[in-house]
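**Q** Structure, please.
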Amino acid sequence: MGVSLRSWITRSIAVLAIPAALLAGAAAFAQALPAGAKQPSEFPRVKLRAGMFVIDAAVAANDADREQGLMYRTELAPNEGMLFVFGETAVHCFWMKNTLIPLSIAFMRADGTVTDIDEMQAETTNNHCPRNNGVYALEMSKGWFAAKGIKPGMKIQGLPQPG
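**A** Numbers count the residues shown, from 1 in each chain. This is a model prediction of the structure:
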């Protein structure tokens, strides 16, 4: 039993089309980030502890990184988040413009004490401001803090020194 030339060509084209489709999808994702935006893997990372839970957090400690935050991301791993580090103790407000996934945010003092936790809807521009001054904010998938029993008054450990 031989394979006809036509059958061989048809199968060869189909095999070549699959990688091309995958490359096109990857290119479309890369184009979704605006020029100058960091890929998620380009942010420095830190391991934090909230009670018995270990958090893999990307760190945003400068203006450009804090401005981008988790914008354009379509998912987070189960214990992945982003830690925002500020150089001054103040009320630091957040919004969700260009943020494609709903998030929970915990605001913290310099000693890691959680002062406020808020839930944020994707792609909204309303402000989420803590009632208390702080130096850090930690964004996780929506509902993460509640699901883990993390509440105001508890401490997050492993925080880098503020700026």
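**Q** Please tell me how far the nearest residue to residue 39 once chain neighbours are set aside sits from residue 116.
**A** Spatial nearest neighbour of residue 39, chain neighbours left out: residue 33 (7.1 Å); criterion: C-beta to C-beta, 6 or more residues apart in numbering. Any C-beta I mention is one placed from the backbone N, CA and C, and that applies to glycine too. For residue 33, the distance to residue 116 equals 30 Å [C-beta to C-beta, to the nearest Å].
**Q** What of residue 35?
**A** With C-beta to C-beta as the criterion, residue 35 and residue 116 are 34 Å apart.
**Q** In this structure, where is pLDDT below threshold?
**A** Filtered on pLDDT under 70, the chain yields the residue ranges 1-32, 163.
**Q** got the residue ranges for the helices in the protein?
**A** Listed in chain order, the helices of the chain (DSSP state H) span 5-32, 63-68, 144-148.
**Q** Quickly note the distance from residue 114 to residue 71.
**A** For residue 114, the distance to residue 71 - C-beta to C-beta - is 24 Å.
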